[in-house]
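Asker: here is my input, please return the structure:
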Amino acid sequence: MAPRPKIRCRQIAESDLDSVIDLLVRGFPRRDRAYWQRGLGRQAVRPVPEGVPRFGYMLDCDGRAVGVLLVLGDAAHVDGRLEARCNLSSWYVDPEYRSYAPLLVAIPLKLKDVTFVNVSPAPHTWPIVEAQGFSPICQGQFTAFPFLAKPVRGVRVRAVTAEDVASSFPSVPDFDLLRTHADYGCVSLVCSTPDGDYPFVFRPFRRWRDRLPCMRLIYCREAGDFVRFAGPLGRHLLRGGSPWVILDSDGPVEGLVGFYQARSGRKYFKGPHKPRLGDLAYTEFALFGP
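Answerer: Down below sits the predicted model:
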């Protein structure tokens, strides 16, 4: 009789990335190899808290990757301190090994003092995610037309690029985050006002069968900041060809023109700290792109 294959679940090492990407390309045929190489390459050079996986976990069958769950380690600021956070993403197992698939989720969720987020669950998986002990961060998403908002006097919108230096934006909060996300292909903007500077990050993508340009709100310091500066931000983005902005919400957003969708964009978390709305920095949306 042939010996039974040895299957184990272990963390993905950088030396595993080529075989893991092969698996991801098989599991997600709409994404090409460059998509996975780009995002995992960015994650490879990011600082990750000790004890937190950098890339995630794989099912190893006699040295061959047969299953993968990306668990993108990060650290988030919570109440003035850094807390470990992991983005669960892109779960796939080759059909003949599907009985081992639960291991890929069970093992990382044993990590203590880590907040896990799932920012792109398909609607048919919501009951499964909730059965795993996750709670909603938001119930849906709001599509805003911010250029229709009222003007705000005394506001200047400036773009931060990957080549900018901190001395050019001496009072801007989260400058390194803005510059890094600009390098990822996001649109990083600062609203400068008499009472301070307010940072924003948007990810360009296309909606409705890839026909219409749109922006996803990736980062702001407070959800209300986007509402306050929707007018100047929206007109700046409109000049670049993007009339819509998608943002996480639990219903219609007062002060914005647009529409709410409860069956789209729900996001989940599990762990000690519920992420606030308006913070998708360094998640798969930023690292991998549209």
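Asker: how is the chain carved up into domains?
Answerer: Domain assignment for the chain by automatic domain parsing gives 7-137, 141-265.
Asker: so which of those comes closest to residue 283?
Answerer: Minimum separation from residue 283 across these (Cβ to Cβ) falls at domain 7-137, 4.7 Å. (C-beta placed from N, C-alpha, C; glycine too.)
Asker: can I take it that residue 88 is in a strand?
Answerer: Yes. Assessed with DSSP: H, G, I helix; E, B strand; the rest coil, residue 88 lies in a strand.
Asker: measure it to residue 172 for me?
Answerer: 31 Å (Cβ to Cβ, to the nearest Å).
Asker: neighbour count: those two, which is higher?
Answerer: Comparing residue 88 with residue 172 by other Cβ atoms under 10 Å, the one with more neighbours is residue 88, at 27 against 20.
Asker: excluding its backbone neighbours, what's nearest that one?
Answerer: Among residues not flanking residue 88 along the chain, residue 118 sits closest, at 4.9 Å (Cβ to Cβ, 6 or more residues apart in numbering).
Asker: could you report the neighbour count for the one you found?
Answerer: 23.
Asker: show me what contacts it?
Answerer: Applying Cβ atoms under 8 Å, 6 or more residues apart in numbering to residue 118 gives the contacts 87, 88, 89, 129, 134, 267, 268, 269.
Asker: so what's the second one bridging to?
Answerer: Beta-bridge partners of residue 88, counted by DSSP bridges, are residue 71.
Asker: circling back to that earlier point, among the domains of the chain, which comes closest to residue 277?
Answerer: domain 141-265 (4.5 Å).
Asker: any idea how far that closest one is from the middle of the chain?
Answerer: In terms of Cα atoms, centre = their mean, to the nearest Å, the gap separating the centre of domain 141-265 from the centre of its chain is 15 Å.
Asker: any weak-confidence spans in the stretch 101-250 of the chain?
Answerer: 208-210 (pLDDT under 70).
Asker: the helices in it, which residues?
Answerer: Ranges of helices in the stretch 101-250 of the chain, per DSSP state H, counting those that start in this stretch, are 101-106, 126-131, 175-183, 223-228, 230-239.
Asker: any chance you could map the strands in the stretch 51-200 of the chain?
Answerer: All strands of the stretch 51-200 of the chain, identified by DSSP state E, counting those that start in this stretch, fall at 56-61, 64-78, 81-93, 114-118, 135-138, 140-144, 156-160, 187-193, 196-207.
Asker: return the distance of the shortest one from the chain's centre.
Answerer: To tie it back to what came earlier, the one meant is strand 135-138. The chain centroid and the centroid of strand 135-138 are separated by 14 Å under Cα atoms, centre = their mean.
Asker: please apply the same query to the first one.
Answerer: Shown here is strand 56-61, whose average C-alpha point lies 22 Å from the average C-alpha point of the whole chain (Cα atoms, centre = their mean).
Asker: so can I have JSON lines of the strands of the stretch 51-200 of the chain showing distance to residue 261?
Answerer: JSON lines is the format used below for these (distance: least, Cβ to Cβ, whole Å):
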{"stretch": "strand 56-61", "distance to residue 261": "29"}
{"stretch": "strand 64-78", "distance to residue 261": "26"}
{"stretch": "strand 81-93", "distance to residue 261": "21"}
{"stretch": "strand 114-118", "distance to residue 261": "18"}
{"stretch": "strand 135-138", "distance to residue 261": "11"}
{"stretch": "strand 140-144", "distance to residue 261": "5"}
{"stretch": "strand 156-160", "distance to residue 261": "27"}
{"stretch": "strand 187-193", "distance to residue 261": "23"}
{"stretch": "strand 196-207", "distance to residue 261": "11"}
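Asker: for residue 27, find the nearest of these.
Answerer: Of the strands of the stretch 51-200 of the chain, nearest to residue 27 by Cβ to Cβ is strand 81-93, at 3.0 Å.
Asker: please save the CA atoms from that closest one in CSV.
Answerer: C-alpha atoms of strand 81-93 as CSV (Å, rounded to 0.1, in the frame of the first residue of the first chain):
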residue,chain,number,x,y,z
ARG,A,81,-1.0,52.1,21.5
LEU,A,82,-0.2,49.6,18.8
GLU,A,83,-2.3,46.4,18.7
ALA,A,84,-1.9,43.4,16.5
ARG,A,85,-4.4,43.0,13.7
CYS,A,86,-4.7,40.4,10.9
ASN,A,87,-6.6,40.6,7.7
LEU,A,88,-8.1,37.2,6.8
SER,A,89,-8.3,36.9,3.0
SER,A,90,-8.3,34.5,0.0
TRP,A,91,-9.1,31.1,1.4
TYR,A,92,-8.6,28.2,-1.1
VAL,A,93,-8.0,24.5,-0.9
